[in-house]
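Enquirer: I'd like to go over a predicted model; first the sequence, then the structure.
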Amino acid sequence: MALGQTTPNGKVLSGIEAFSDHEGYLVHLRGEGVDLKVCSMHRFHLDYNKSHCRDTFLKKLSELANH
């Protein structure tokens, strides 16, 4: 997480905020009306209200991963 601007919770880059709990077992990524929680045991939960918000979020996340 060297890139991005520091927030009270973690860092934000390209409109996606990333932060984790104290122990690092739960990672949150949120933005564009979407909240992605990645848990330790290869589980995740994706919350969103509108499919276009989900699609925009996942596109941005893909772009960041390929950065």
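Expert: Now that the structure is in, tell me what you want to look at.

Enquirer: Enumerate the beta-bridge partners assigned to the most centrally placed residue in the chain.
Expert: Centroid-nearest residue in the chain: L29, 1.6 Å away (criterion: Cα atoms, centre = their mean). Here L29 sits in beta bridges with A18, L36, as judged by DSSP bridges.

Enquirer: In contact with it, which residues?
Expert: 16-18, 35-36, 38, 61 (Cβ atoms under 8 Å, 6 or more residues apart in numbering). C-betas here are computed from N, CA, C, even on glycine.

Enquirer: if you set the cut-off to 10 Å instead, what comes out?
Expert: For L29, the contact set (Cβ atoms under 10 Å, 6 or more residues apart in numbering) comprises 10, 16-20, 35-38, 44, 46, 57, 60-61, 64.

Enquirer: One more: K60?
Expert: Residues near K60 by Cβ under 10 Å, 6+ apart: 13-16, 29, 31-32, 34.

Enquirer: would it count as being in a helix?
Expert: Yes. When classified by DSSP: H, G, I helix; E, B strand; the rest coil, K60 is found to be part of a helix.
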